[in-house]
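Q: Here is a sequence together with a model predicted from it:
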Amino acid sequence: MHPTFDVITSDEYSMIRTSTGKTAIPSMGILSVKKDATGCPARAKSCIVILGNKDPTAWTKADCYAPVVALPIACMLAALAVQHRQTLKQGDCKNAFIQSCLPEEEVTIVRPPSDCPISAPNTFWHLHKSLYGL
């Protein structure tokens, strides 16, 4: 298991909340069934997502902006590759920021999903790595 978070008690959460003024961000579990080419269920997937819209931190656009390539730039890069007889390769980076380490000074507390099997009631998660939604 990745050292993504530490489970903390409600008393520890109260001390952190008092010292930092940050409240716990809610989370939820997403369950989905992936189907094969014939439409039959092939496997089940689950993930925990953070409701980032409930994050009380005031982020600026510069803090959370992920640069992407505009279509004219992609066309120019393709033309340059053809001109220089290079091979183009494509990569899927939709999960590029998942499991990234949070800075030491960043305190992020998450309320686990209500029916989470690994966390007892009235416990919270102190994140060390980012989860989807942050």
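A: Great, that's in hand. What you see is a predicted model; the values in this text were computed from it and never measured.
Q: Show me where this protein has its strands.
A: 5-9, 25-35, 41-50, 109-111, 123-127 (DSSP state E).
Q: Would you mind listing the buried residues in the longest one?
A: Neighbour counts using 16 or more other Cβ atoms under 10 Å place 25-27 of strand 25-35 among the buried residues. Glycine gets a C-beta too; all of them are placed from N, C-alpha and C.
Q: tell me which of those residues is nearest to Val7?
A: Proximity of these to Val7 (Cβ to Cβ) peaks at Ser27, which lies at 13.2 Å.
Q: From Ala81, how far off is that closest one?
A: 42 Å (Cβ to Cβ, to the nearest Å).
Q: Tell me the spatial nearest neighbour of Asp115, not counting adjacent residues.
A: Gly29 (7.4 Å; Cβ to Cβ, 6 or more residues apart in numbering).
Q: what's near enough to touch that neighbour?
A: 46-49, 113, 115-116 (Cβ atoms under 8 Å, 6 or more residues apart in numbering).
Q: Among the residues you listed, the buried ones, what's the PyMOL command?
A: Buried residues within these, by 16+ other Cβ under 10 Å, are selected in PyMOL with:
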select buried, resi 48+116
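Q: Make JSON lines out of the contacts of Gly29 and add pLDDT.
A: Listed next are the contacts of Gly29 as JSON lines, based on pLDDT from 0 to 100:
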{"residue": "Ser46", "pLDDT": "83"}
{"residue": "Cys47", "pLDDT": "82"}
{"residue": "Ile48", "pLDDT": "83"}
{"residue": "Val49", "pLDDT": "83"}
{"residue": "Pro113", "pLDDT": "88"}
{"residue": "Asp115", "pLDDT": "80"}
{"residue": "Cys116", "pLDDT": "81"}
